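Trainee: Turn this into a model:
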Amino acid sequence: MKLIAFFLLLSGIARADSNRSFVQMASIFADNMVLQQKTSVSFWGKASPGKAISIEASWGSSAKTEARADSLWKVNLRTSKAGGPYEVKLQIGDSTIVYKNVMLGEVWVCSGQSNMEMPLQGWPPDNPIQNSAEEIQAANYPDIRLFTVSRAASAEPEFNCVGTWSECNPQTAAKFSAVGYFFGRKLYQELHVPIGLISSTWGGTRIQPWISGRHLGRMPEYKAIVERVDSARPELKKLDAWIRSHPVVDVSIKPPEHQYENLDFGDSTCSKSDYDDSMWRTMKLPTYWQNTDAGVFNGIVWFRKKIEIPKNWLDTNLVLALGPIDDMDETFVNGVKVGGMLGGGFYATPRTYDVPKGLVKDSALTIAVRVIDIGGFGGIWGGGVTMKIYSKGDSSKSISLSGEWKYLPVAEYVNSKFYVYGAAGEFNNRPKTSVDVGPFTPTMLFNGMIAPLIPYAIKGVIWYQGESNSDLPSDYNNYEALFKLMIRNWRADWGEGNFPFYYVQIAPWTYGEKSKSYMVRDAQFRTLSVPNTGIVVTLDIGSLTTIHPPDKQDVGLRLALWALAKDYQPKGSLRHKEIVYSGPLYRSMKIQKRKIILTFDEADRGLVMSARGGPTSGGDDSGGNTNFLIAGKDSVFVKANVKVDGKKLIVYSGTVKKPIAVRYAWGNTEEGTLFNKAGLPAPTFRTDNWKQ
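Mentor: Below is the predicted model:
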């Protein structure tokens, strides 16, 4: 009996034949995929023990193996130089799978949090991508292939993930990582070979969930949580089975632009003013529900509140202000929908909806909000002053809506599916666990979103993450060790040596009062000590008004420059020498009386200072704010003057007689002032190791 390839792949479920044999392939193998050229690529899957597996590719390679006693099998296949399209045929027992439109080229993994996740279409209206409409219209590159790993957290390494390969066109590119797309496009334009891009991202995540338990447990600070996750696996399996016993609404099969519309969970009565919510629990808003007794989960939660309004508001238009809601909402007053935001990018958008006077016939109003959260935190979370209702003609008098609300979860979101609990309170029967399954628990994103990709042959990784590790001292003080550990982890598990790992130093932004994003940036700079890594600096292309800078073109381009210079041009060639891929990188310092002399790599053509609020510097008086600080033994840093001397900087201050340390761009909002003559900025750095 022959099984159709895509049926096997998209199902992710073992299929039995009359002899009780089965076949399962990892979803990363599919039509339209790109395989790494000129190497040995791994294919793997599951089959009945002892089943013979043969694989044959139309470029002329073949291989054979058989399924082990545990049903797993893996085989390596040689690939030729870039080209295609090809076919790959697998014979597994009496089942045949044929992958079509397969290309050989360069494969890169694009991973991290929201700035890597952010799609080419942006998250309008608050988080746009620069020139998005024009870029999408021009995104016709059928030899660039895109694969997005659906969000998934797991307590143990998964065999499979949800995702499909697609050719790059305006429709598919719009939903794909903008940074990944611009990186891949530049490679394609320069190399003229097929490019495969695998996006595995989850916004708002710290680095710890992206590291395997085997590696993270080696750090004393995380050994206990790794052990807790391991010991909790039986109860987590019980929870997973309970969740999956409920009816399913699969939004992944709906058109992306309509995924969250018209979702029916048997909960429509929850909006009605006469609905009996006496058995619902209460929650004080504003807050994220993950910070309450509701627990850590993604899904759909109804919030209800009944209020009394002044009689002089009757038959008048009102304004309902709820502040930001993470991620989406549908909002009702007395059972009538007055507004809503469905789609990506609204998590920080304040909700302000008009309540027409036709709904204001009684002094009792029932406000009901259906909140849809598909990742990270969820809820009505802004400041208390943002939650209010007032007469449209007079905003000076308002009724606060902060405080106790009734709430009821009606569905849980897991791996692009909603599991339906309904309005009868079934959620209250959800099994309790000692460890949360989600994107904030260490190791769980590696298990759910990286492990299923290993050992798919890749050229390298691009990474953009760190913002979420800037708030806690335990995070930013450990970030260098964690980041280096993660790189070693991925390289060891992939088994392809020290493949290229290029990453983005996070951009300036206001962050929070307790945040020290510059500590993360410094840790990222120090991670350059890991072999075959490269850093892209965004101190000059960030945005102080948003954590998601709209200029993703330059980010992708700068990542591509590292790859083009280091991986695709022979060292010493004329082409290699022409590519300027990095800004100045601090190398060493020398104290010379009352001055400190800094030496830089990647500055052969000289340095350029562009001081904020002052003239371009090269003389003794740098003018404006150079973003350089200098300190003596008292470790009190003051603003410094800077003089450019070729590829060296002379840093000094009239108030520091015996300087011993320098810091650059040392603040959450400090922007770039030091560049090379190619216009690429230097990263945040410091010459000291004093504790913060």
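Trainee: Give me the buried stretch members for stretch 660-670, please.
Mentor: Neighbour counts using 16 or more other CB atoms under 10 Å place 660-666, 668, 670 of stretch 660-670 among the buried residues. Placement of C-beta: from N, CA and C, glycine included.
Trainee: Can you measure across that stretch, start residue to end residue?
Mentor: 22 Å (CA to CA, to the nearest Å).
Trainee: Run the chain-centre distance for it.
Mentor: 27 Å (CA atoms, centre = their mean, to the nearest Å).
Trainee: and residue 452, which of the three is it?
Mentor: What DSSP: H, G, I helix; E, B strand; the rest coil gives for residue 452 is helix.
Trainee: again with residue 659
Mentor: Assigned with three-state DSSP, residue 659 falls in the coil class.
Trainee: What degree of burial does it show, as a neighbour count?
Mentor: Neighbours of residue 659 under the rule other CB atoms under 10 Å: 23.
Trainee: What of residue 545?
Mentor: What residue 545 shows, counting by other CB under 10 Å, is a neighbour count of 9.
Trainee: Could you shift the numbering so residue one becomes 39, and keep it that way?
Mentor: That works, and once the first residue is 39, the last one we named lands at residue 583.
Trainee: per-residue confidence at it?
Mentor: Listed pLDDT for residue 583 reads 92.
Trainee: and if you look at residue 507?
Mentor: Reported pLDDT for residue 507: 97.
Trainee: With adjacent residues omitted, what lies nearest to it?
Mentor: Leaving aside its sequence neighbours, residue 507 sits nearest to residue 513 (CB to CB, 6 or more residues apart in numbering; 4.1 Å).
Trainee: List the contacts of that neighbour.
Mentor: 244, 507, 558 (CB atoms under 8 Å, 6 or more residues apart in numbering).
Trainee: element containing it?
Mentor: helix 511-514 (DSSP states H and E).
Trainee: Tell me the buried residues in the helix or strand just after that helix?
Mentor: Remark: after helix 511-514, the chain's next helix or strand is helix 517-532, criterion DSSP H and E. Of all the residues in helix 517-532, those buried under the rule 16+ other CB under 10 Å are 517-518, 520-529, 531-532.
Trainee: For residue 367, give me its contacts.
Mentor: 360, 377-379, 384, 389, 407-410.
Trainee: again, only this time at 10 Å
Mentor: Shown in contact with residue 367 (CB atoms under 10 Å, 6 or more residues apart in numbering): 341, 360, 377-380, 384, 387, 389, 391, 407-411, 418.
Trainee: Return the alpha-carbon coordinates of the longest strand along the chain using PDB.
Mentor: Longest strand in the chain by number of residues (criterion: DSSP state E): strand 133-150. What follows is strand 133-150, C-alpha atoms only, in PDB (Å, rounded to 0.1, in the frame of the first residue of the first chain):
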ATOM      1  CA  SER A 133       5.100   2.700   1.600                       C
ATOM      2  CA  THR A 134       6.400   5.300  -0.900                       C
ATOM      3  CA  ILE A 135       7.000   8.900  -0.200                       C
ATOM      4  CA  VAL A 136       8.100  11.400  -2.900                       C
ATOM      5  CA  TYR A 137       9.200  14.900  -2.100                       C
ATOM      6  CA  LYS A 138       8.900  17.200  -5.100                       C
ATOM      7  CA  ASN A 139      10.300  20.600  -6.000                       C
ATOM      8  CA  VAL A 140      13.300  20.100  -3.800                       C
ATOM      9  CA  MET A 141      16.300  22.500  -4.100                       C
ATOM     10  CA  LEU A 142      19.900  22.200  -3.100                       C
ATOM     11  CA  GLY A 143      21.400  25.400  -1.700                       C
ATOM     12  CA  GLU A 144      22.100  27.200   1.500                       C
ATOM     13  CA  VAL A 145      20.000  26.600   4.700                       C
ATOM     14  CA  TRP A 146      19.900  28.900   7.700                       C
ATOM     15  CA  VAL A 147      18.000  28.900  10.900                       C
ATOM     16  CA  CYS A 148      16.500  32.200  12.000                       C
ATOM     17  CA  SER A 149      15.700  32.200  15.800                       C
ATOM     18  CA  GLY A 150      15.100  34.400  18.800                       C
END
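Trainee: To which secondary structure element type does residue 437 belong?
Mentor: Residue 437 - assigned by three-state DSSP - is strand.
Trainee: Please look at it and residue 401 and confirm they touch.
Mentor: No - judged on CB atoms under 10 Å, residue 437 makes no contact with residue 401 at a distance of 11.4 Å.
Trainee: okay, those two: which has more neighbours?
Mentor: Here residue 437 and residue 401 are compared on neighbour count by other CB under 10 Å; more neighbours surround residue 437, at 15 against 12.
Trainee: could you measure the more buried one against residue 97, distance?
Mentor: Counting by CB to CB, to the nearest Å, the gap from residue 437 to residue 97 is 70 Å.
Trainee: swap in residue 260?
Mentor: For residue 260, the distance to residue 97 - CB to CB - is 44 Å.
Trainee: who has more neighbours, those two?
Mentor: residue 260 (21 against 18).
Trainee: Does that one touch residue 516 like I think?
Mentor: Yes - the pair residue 260 / residue 516 is scored as a contact, 8.8 Å apart, by CB under 10 Å.
Trainee: who touches both of these two?
Mentor: Common neighbours of residue 260 and residue 516 (CB under 10 Å, 6+ apart) are 246, 523.
Trainee: Next, count neighbours for residue 180.
Mentor: 14.
Trainee: quick one: it is in a strand?
Mentor: Yes - Residue 180 sits within a strand when classified using three-state DSSP.
Trainee: Name the nearest residue to it, ignoring sequence neighbours.
Mentor: residue 205 (4.5 Å).
Trainee: Could you do residue 594 as well?
Mentor: residue 220 (2.6 Å).
Trainee: Can you name the residues that contact the one you found?
Mentor: 158, 167, 173, 589-598.
Trainee: what about it, distance to residue 570?
Mentor: Taken as CB to CB, the span from residue 220 to residue 570 is 22 Å.
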